[in-house]
Structures are given as C-alpha cells and as structure tokens.
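A.B. asks: sequence first, predicted coordinates after that:
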Amino acid sequence: MSKNRRLVTRRHALQLGLASLVGVGASVTVEAMRQNYQAQQNQALDNPRRNFTVVGQNSLKKRAAAKGLIYGAATEQVKLSSDIAFATHYVQECGILVTENQLKWIILRPTPDRFDFTPGDWLAEFARTHGMLFRGHTLVWEQVLPKWFGEVVNRQNAEKILVEHITEVVKHYSGKVHSWDVVNEAIAVSYSNRPDGLSLNPWMLFLGESYIDLAFRTAAAADPHTMLVYNDRWLDYDTPRDNAQRIAVLKLLERLKTSGTPLHALGIQAHLNASETRFNPKKLRKFLADVASLGLKILVTELDVIDKDLPKDIKVRDRIVASVYEDYLNVVLDEKAVIAVLTWGLSDRYTWLATYEPRKDRAPVRTLPLDSNLKPKLAWNAMARAFDNAPKR
Ligand code: G3I
C-alpha cells in the first residue's frame with residue numbers, strides 16, 4: 001500500500017480533531033486528512049478584508065521604473081507573434097523581455113555544429129522595436145539539452161563545447177542583452193549527495209566545479225558589458241530544503257567572488273507556493289543582505305505563485321495569491337540591491353504551471369498578474385502596490 005493511502009482508524013482521526021471526516025466511514029485515508037488540513041490552512045491564509053487598492057492608472061513597468069526598478073516577464077515568440085492582444089498588454093506592462101525557452105540549448109543547437117538563432121533574434125528584435133530591455137535565459141542548465149548532447153559530449157571535449165557555445169551565443173547578442181543567466185540551478189540540495197549541494201550535471205561530471213567559473217569568464221570575454229547572473233530556485237521559505245539551499249548558494253557565491261569570477265548578480269527564481277506558510281521575512285532579509293554584502297545585485301527572475309492547493313472559489317483564490325505576491329515583494333524590495341522583478345509569464349493564458357502544477361479539480365490556474373482574458377487581477381494590484389511602496393534605488 002502506498003504511503004499516502006495508509007489507512008487511519010476512526011479513533012485516530014478523532015484524536016487528530018478530524019471529526020468531520022469520521023462520518024464518511026469506518027476509516028479515512030491520509031489523503032483525506034491532508035485535504036481537511038489544507039482547508040483549515042486556506043481559511044487561515046485568506047483575509048477577506050485585506051485592501052488591495054491601487055492609486056492611479058500606471059502600468060507595472062512605469063511603477064517599477066519610478067523606483068529605479070525593472071519589471072518584465074518571460075515569454076516566447078509564438079505568443080507574441082500569434083496573439084496581438086497579448087502582445088499589446090505585454091508591451092504595455094513590461095520594461096524587459098525575458099526569453100522563456102528560445103535561448104536554451106534544445107532550441108539553439110539543433111545539431112552539434114549548427115546554431116539556430118532565428119527565434120531568439122525575433123525576440124531580440126521585438127524588444128528593440130518596442131523599446132524594451134532584453135534578457136537571456138540560459139547558457140548553462142542541466143535540463144532541456146538536445147538529444148545529441150548525451151552522445152557527443154564527454155570528458156575530453158566538454159570544455160571545448162561549453163566555451164564554444166557560450167562564446168558563440170553571447171557574441172551573437174553582444175550589446176543587446178541587459179543580463180544573462182549564465183548558470184542556472186547548479187545547486188540542488190534536495191538531490192545532491194555532496195556537502196556543497198552541487199548538482200551532478202554533465203558539466204560537473206566532466207569538468208568538476210570549475211565549469212561554473214569557466215562559464216562566467218567565457219561570457220565576460222564574449223560581452224564585457226552585459227550583467228552576468230547566477231540563477232537558482234528554492235531560496236524563499238523557512239523549510240529545511242530552502243534553508244539548506246540558501247546556505248549552499250551563498251557559499252558558492254562567496255567562493256566565486258573570492259576567486260575573482262566575473263559574477264554580477266544573483267537571480268532568485270521565486271516560484272512561490274500559496275499553500276506554503278513557512279515564510280520567514282527575517283531569514284529572507286538576512287540572506288538578501290548577505291548576498292548584497294558580496295557586492296552583488298539581486299534580481300527576482302521567475303516570480304509566480306502556485307495555486308494548486310487553494311480553494312476553487314476565484315475570489316478567495318485571487319486574494320490569497322495576491323497576498324503572497326505583496327508580502328513577498330514587500331520584504332524583497334526593502335533590499336536596495338534588488339534591481340528587477342520578473343514574472344514567469346504575464347497572463348494566466350500562458351503559464352508553465354498549467355502543465356507542470358495543474359489543479360486536481362482541473363480549474364484553470366490563476367498564478368500571474370493578468371487573468372486569461374488579459375484583465376488585471378488582484379495579483380497585479382499586489383505588485384503595483386509593492387512597487388509603489390518600495391524605496392527608491
Ligand atoms: O517546442 C515544443 C513545441 O515544438 C511543441 O509543439 C510543444 C508541445 O508540448 O512542446 C514545445 O516544447 C516545450 C517548451 O517548453 C516550449 O514551450 C516543452 O515541451 C516544455 O517542456 C518546455 O517547458 C519549459 C521548461 O522550462 C523546460 O524548458 C517551460 O515552458 C518553461 O517555463 C520552463 O522554465 C523553467 C526555467 O527555464 C528554469 N526555472 C524553472 C522554470 C519552470 O520550470
């Protein structure tokens with residue numbers, strides 16, 4: 001019997017205060033207990049009286065800019081080229097275009113000896129035409145590598161291939177990129193068996209930890225004026241995993257700075273979970289201050305809020321999601337080293353969470369500032385309020 005199907009007796013359920021479940025039958029499952037607990041927690045998360053009023057009509061990009069901040073969102077060519085209404089809102093709200101998928105190896109490298117810059121170039125041009133900054137994601141990541149990668153890359157040629165890739169791609173966009181996620185998700189405390197938390201990705205296996213420094217030095221040589229970012233996840237909460245991840249990331253950043261690696265900023269992904277209550281502003285503030293004290297800037301790079309365990313009721317759900325946005329941003333934006341807030345998508349019409357974190361009841365997820373009809377939600381208000389309240393950079 002699987003772990004979460006384990007049976008709980010009627011008496012045990014009563015002891016746990018789950019009286020409402022006991023009537024269902026002689027026994028209940030752990031899953032039912034979990035749902036009940038979730039319902040109680042949701043009630044605690046929701047404050048129907050919370051005020052999300054916003055002053056004025058300005059877009060998110062204008063409100064951010066007024067504080068010396070950049071706001072933008074990740075997107076793809078197909079969304080901007082085939083959906084004019086979406087593209088119009090995107091240009092209105094965003095000051096920076098972030099490439100969600102088009103600059104990943106799987107798209108850029110159809111074969112070992114060919115680069116396909118077509119979709120990336122389209123996005124760079126879209127950003128230029130609309131007066132937006134342009135941001136590259138990502139040069140080194142263990143996921144979404146092309147099929148040929150595993151057959152071609154080995155210990156002997158790994159360094160040459162890594163250097164070639166970074167040099168070619170960064171030079172191609174030289175002068176056009178505000179910032180590059182040079183290395184993404186190198187630390188994975190929850191599945192690394194190393195004390196430093198480094199993930200055993202192909203680069204790590206073939207080149208050891210030095211691949212990180214090599215990636216940054218190569219990117220700096222190819223475009224000396226762009227901002228070079230180390231980007232990672234699981235840095236937000238007071239959970240054993242996130243606490244360990246923060247320590248490991250901070251140590252990595254310290255090691256890189258000590259060895260003179262041309263690293264300019266930390267990217268905090270911030271895929272937040274609305275049902276995670278272990279948010280500890282004090283710990284987060286301390287982490288951000290520690291990062292800033294290394295002379296690094298900080299970008300919130302992939303912000304969104306997972307709503308999969310929240311009630312279906314849209315009013316309640318939107319209120320909780322908005323609270324998560326505002327509470328998080330109020331803490332993060334107090335740190336002056338934070339220069340940008342980027343959401344992972346702009347509208348619920350297009351979000352990776354619909355596929356990767358769907359709701360059990362199949363209701364469409366409501367995770368981003370605009371709903372699927374491109375109307376601003378309370379999450380938009382929450383972001384606008386956080387920008388308005390942020391200290392000036
Ligand atoms: O390109 C194919 C397309 O030809 C095909 O028609 C379509 C059918 O499903 O799939 C397309 O590829 C998808 C691709 O996104 C482009 O939309 C892949 O299946 C899908 O797996 C891929 O997912 C992306 C994922 O990274 C993996 O690259 C998500 O959109 C993207 O939001 C997500 O972003 C990551 C960041 O890069 C790193 N941090 C976490 C974040 C969320 O997972």
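C.D. replies: That came in fine, so what should we check first?

A.B. asks: tell me the confidence at the residue in the stretch 51-200 of the chain positioned nearest to the ligand?
C.D. replies: The minimum distance from the stretch 51-200 of the chain to the ligand, using C-beta to the nearest ligand atom, falls at Val144 (4.0 Å). For the C-beta atoms, the positions are set from N, CA and C on the backbone; glycine is no exception. On the pLDDT scale, Val144 is placed at 97.

A.B. asks: same question for Met33.
C.D. replies: 79.

A.B. asks: check which residues of the host helix or strand of it are buried.
C.D. replies: Per DSSP states H and E, Met33 falls inside helix 30-45. Within helix 30-45, the residues scored as buried using 16 or more other C-beta atoms under 10 Å are 32-33, 36, 42, 45.

A.B. asks: what's the answer for stretch 357-368, then?
C.D. replies: 357, 359, 363, 365-368.

A.B. asks: next to the ligand, which bits of the stretch 1-150 of the chain? Give me the list.
C.D. replies: Proximity of the stretch 1-150 of the chain to the ligand, by C-beta under 6 Å from any ligand atom, involves residues 100-101, 104, 143-144.

A.B. asks: could you dump these into a markdown table with neighbour count added?
C.D. replies: Listed next are those as a markdown table, based on neighbours: other C-beta atoms under 10 Å:
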| residue | neighbour count |
| --- | --- |
| Glu100 | 20 |
| Asn101 | 18 |
| Lys104 | 20 |
| Gln143 | 11 |
| Val144 | 12 |
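
A.B. asks: farthest pair within those residues?
C.D. replies: Glu100 and Gln143 (13.2 Å; C-beta to C-beta).

A.B. asks: starting at the chain centroid, how far to the helix holding Met33?
C.D. replies: The chain centroid and the centroid of helix 30-45 are separated by 26 Å under C-alpha atoms, centre = their mean, to the nearest Å.

A.B. asks: what's the burial count for Glu168?
C.D. replies: Per other C-beta atoms under 10 Å, the neighbour tally for Glu168 reads 14.

A.B. asks: are we agreed that it is in a strand?
C.D. replies: No - using DSSP: H, G, I helix; E, B strand; the rest coil, the assignment for Glu168 is helix, not a strand.

A.B. asks: give the buried residues for stretch 254-263.
C.D. replies: 256, 261, 263.

A.B. asks: of all the buried residues of helix 30-45, which comes closest to Asp196?
C.D. replies: Nearest to Asp196 among the buried residues of helix 30-45, with distances taken as C-beta to C-beta, is Leu45, at 35.2 Å.

A.B. asks: can you list the domain ranges for this protein.
C.D. replies: What automatic domain parsing lists as the domains of the chain is 1-45, 60-389.

A.B. asks: in a markdown table, list the ones you listed along with distance to Thr53.
C.D. replies: Below are the domains of the chain laid out as a markdown table (distance: least, C-beta to C-beta, whole Å):
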| stretch | distance to Thr53 |
| --- | --- |
| domain 1-45 | 20 |
| domain 60-389 | 7 |
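
A.B. asks: which of the helices or strands spans Lys251?
C.D. replies: helix 240-258.

A.B. asks: same deal with Phe216?
C.D. replies: helix 210-222.

A.B. asks: which residue packs closest to Ala384, ignoring adjacent ones?
C.D. replies: Once flanking residues are discounted, Ala384 sits nearest to Val54: 4.7 Å by C-beta to C-beta, 6 or more residues apart in numbering.

A.B. asks: Leu228 should be in a helix, yeah?
C.D. replies: No - per three-state DSSP, Leu228 lies outside any helix segment and is strand.

A.B. asks: from Val78, how far off is it?
C.D. replies: 28 Å (C-beta to C-beta, to the nearest Å).

A.B. asks: looking at these two, which one has more neighbours?
C.D. replies: A count of neighbours by other C-beta under 10 Å puts Leu228 above the other of Leu228 and Val78, at 22 against 13.

A.B. asks: show the pLDDT at that one.
C.D. replies: At Leu228, pLDDT is 99.

A.B. asks: quick one: it and Leu263 touch, right?
C.D. replies: Yes - using C-beta atoms under 8 Å, Leu228 makes contact with Leu263 at a distance of 5.8 Å.
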